[in-house]
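>>> what would the 3D arrangement of this be:
(2 chains)
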Amino acid sequence: MSIPSYLDLRQKTRARDRSLRDKVMSLEEAAALVADGDSLAIGGCTASRTPMAMIWALIRAGKRDLEVSRSIVSTEGDLLYASGVSRHIITSWFSQGIVWGVSKVMRAYTESKRARFEEWSHMAMGLRYRAGAMGVPFMPMRSMLGSGVLDRTEGAKTMECPFTGETLLLVPALNPEVAIIHVQRCDAYGNAQIDGLTFMDIDMAMAANKVILTTERIVSNEQIRRHPDQTKIGFFTVDAVVEVPFGCAPHECYGLYEPFYTHMDLYAQMTARDADTGAKAYLDRFYHEPKNWADYLSRIGMAELLDAQRRGSGIYDD
Amino acid sequence: MTTERARISLSVAPAYTGSELLAVMSARLLKDGQTVFAGVGIPLLAAILAQKTHAPGLTILFEGGVIGPFVEAGKLPPSTNEQRCSRRANMLVSITEVLLLLQRGYVDVGFMGGAQIDRFGNLNSSFIGDAENPKIRLPGTGGGNDIASLADMIVAMKHEKRRFVEKVDFITSPGFLDGGDTRAQAGLPAGGMFRVVTDLGILGFEAESRAMTVLALHPGVSAADIKANTGFELPVPDDVEVTPAPTPNELAILRELDPEQLYTA
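Coordinates of the predicted model:
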């Protein structure tokens, strides 16, 4: 674990075209912005606002050895392992979700040492992205001390506070090469509005050297400028914008659709019998065989999509 | 369907599942006006139950970045990070901000479940067996380590010998570490284990040694029962209290909250 040099970090930022320009492209074009071996941060949390369409595109493009980080990892982590896209995931919690039990795929890959799950506390993940966003090499914090979690992490250090003499933990900055984040709406330049829970996405966008936004809808820059207080991620951090309706399916997108529970149950069933063959069958049917994203959604099914949308839009009802 | 059966049996004698007992007993420990940081599952249910009974002014925080919600009956979230957690909340913030409230000292009680615990209240949710070559890789800490490091803790879990062990395989979330003042010495001057609520009784920690001790037994549970289900020496005082059984009202609220028995089966 090494912290990038501050001047290199600035240089990478200076070298980007940060102007107000149209960045709209296809999922496939956006996938081409990610190189094998890159560090990749994934927005959202657990089964919420997961940029699933972008992950789908990265798996279909056959990316290799991405060092993935996320606040909490759900089914997308299983699929990143099983597809070979990643053998190293840095996160605080990794399983489909508590109601589905411990992920069989995560277990199969980590217990056989085919892949690594590097565990940090949730606040440590957040402060690592925040340090990255702030352009400082670390953040001090007061948890993880005394635990086995600290013993197994690379790069965290304890220090005696120069002001109080207390023991503090310093967690190293995360400056991912690429961040992929899904939002409810943004303009063609990448000014993004996020409804509901923002998780760690704003720090993540500021920390990354490149940001790919997927969005339910592209709106005009005029619409964004009417409510600039609602812009959570600024155009100057964004390198690509892809419009993908239902881009988190089968996970949720706040205010639009809840998780596709029946499909999540299907995934759990498919991987429960045998993690390897189950994950492969799932990848074939939902990742490799579909002609396009609409075909993927069709395979999940209209009834499920309508149900998820009905439940999702109900969050604002009395 | 299961719910229907349970409701009918209520008119005869209050029957309840182990999870329902856990939720009721831990809800009673929460006080009106407190701020509680609740994990998913029993803690979430118990916090909402407390809110709907004796603690209407309880402020619930969820790890997803939610401050003071009223989660809707029958629409429990699958984790603390989905929109269902945010129903009628006062404020939504980032995950990092809500966790920092623990560090700043705004949280009275941290409340979570546990897979494995030891006599000093250390919790393991990372590895069964040796961490290098685990028998089972568990999901990990999430915010558990942060909550246990920075708040007074209530833990709700099933009381089984394999879960109550002399020493946890791995310290995911710190209790009192090796007992005495070792927690403070490790750089954790605040917080620590307050109560462990199980389906057999309520446990606390001795003031000096910080070892687990029995504070109360649930109705029908004997000192021998609780000792037989614990993998370390657990003192039970002769005059140990017995908790009042869950009331029909508490059970009815729980079953309305979780009709599908996501968390109370």
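>>> for the residue lying closest to A:Glu119 once chain neighbours are set aside, grab phi and psi.
In space, and not counting its chain neighbours, A:Glu119 is closest to B:Gly140: 4.6 Å by C-beta to C-beta, 6 or more residues apart in numbering or on different chains. In short, each C-beta sits where N, CA and C put it, glycine included. Backbone torsions for B:Gly140, taken as degrees, to the nearest 10, come to phi 110, psi -170.
>>> how many other residues sit next to B:Gly140?
26 (other C-beta atoms under 10 Å in any protein chain shown).
>>> need the contact list for it.
Contacts for B:Gly140 (C-beta atoms under 8 Å, 6 or more residues apart in numbering or on different chains) come out as A:91-94, A:117, A:119, B:125-126, B:172.
>>> quick one: these as a markdown table, columns for distance to B:Ala186, neighbour count and pLDDT too.
Formatted as a markdown table, the contacts of B:Gly140 follow (distance: C-beta to C-beta, whole Å; neighbours: other C-beta atoms under 10 Å in any protein chain shown; pLDDT from 0 to 100):
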| residue | distance to B:Ala186 | neighbour count | pLDDT |
| --- | --- | --- | --- |
| A:Thr91 | 24 | 25 | 98 |
| A:Ser92 | 20 | 28 | 98 |
| A:Trp93 | 23 | 30 | 98 |
| A:Phe94 | 26 | 29 | 98 |
| A:Phe117 | 24 | 22 | 98 |
| A:Glu119 | 18 | 30 | 98 |
| B:Ser125 | 19 | 24 | 97 |
| B:Ser126 | 18 | 30 | 98 |
| B:Thr172 | 15 | 28 | 98 |
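>>> which stretch of helix or strand covers the residue nearest to B:Ser149 when sequence neighbours are not counted?
Nearest non-adjacent residue to B:Ser149, counting by C-beta to C-beta, 6+ apart: A:Ser143, 3.6 Å away. Taking DSSP states H and E as the definition, one finds A:Ser143 inside no helix or strand.
>>> in chain B, where is pLDDT below threshold?
B:1-14 (pLDDT under 70).
>>> let me know how buried the residue lying closest to B:Pro189 once chain neighbours are set aside is, in neighbour terms.
Nearest residue to B:Pro189, sequence neighbours excluded (C-beta to C-beta, 6+ apart): A:Glu166, at 7.5 Å. When neighbours are counted by other C-beta under 10 Å, A:Glu166 registers 12.
>>> surely A:Glu166 is in contact with B:Gln185?
No. Between A:Glu166 and B:Gln185 there is no contact under C-beta atoms under 8 Å: 11.3 Å.
>>> list the residues that contact residue 54.
No chain in the question, so chain A it is. Contact analysis of A:Met54 by C-beta under 8 Å, 6+ apart lists A:27, A:30-31, A:180, A:182, A:212, A:214, A:242, A:244, A:247.
>>> the chain in question should be chain B.
Counting by C-beta under 8 Å, 6+ apart, B:His54 touches B:28, B:32.
>>> and it, how far is that from B:Val24?
Shown here: B:His54 relative to B:Val24, a distance of 12 Å by C-beta to C-beta, to the nearest Å.
>>> before we move on, what about A:Tyr267?
From A:Tyr267 over to B:Val24 the distance is 33 Å, taken as C-beta to C-beta.
>>> can you pull up the most central residue in chain A?
Centroid-nearest residue in chain A, with C-alpha atoms, centre = their mean: A:Ile42, separated by 1.6 Å.
>>> so what's the backbone phi/psi at it?
Taking degrees, to the nearest 10 as the convention, A:Ile42 sits at phi -110, psi 130.
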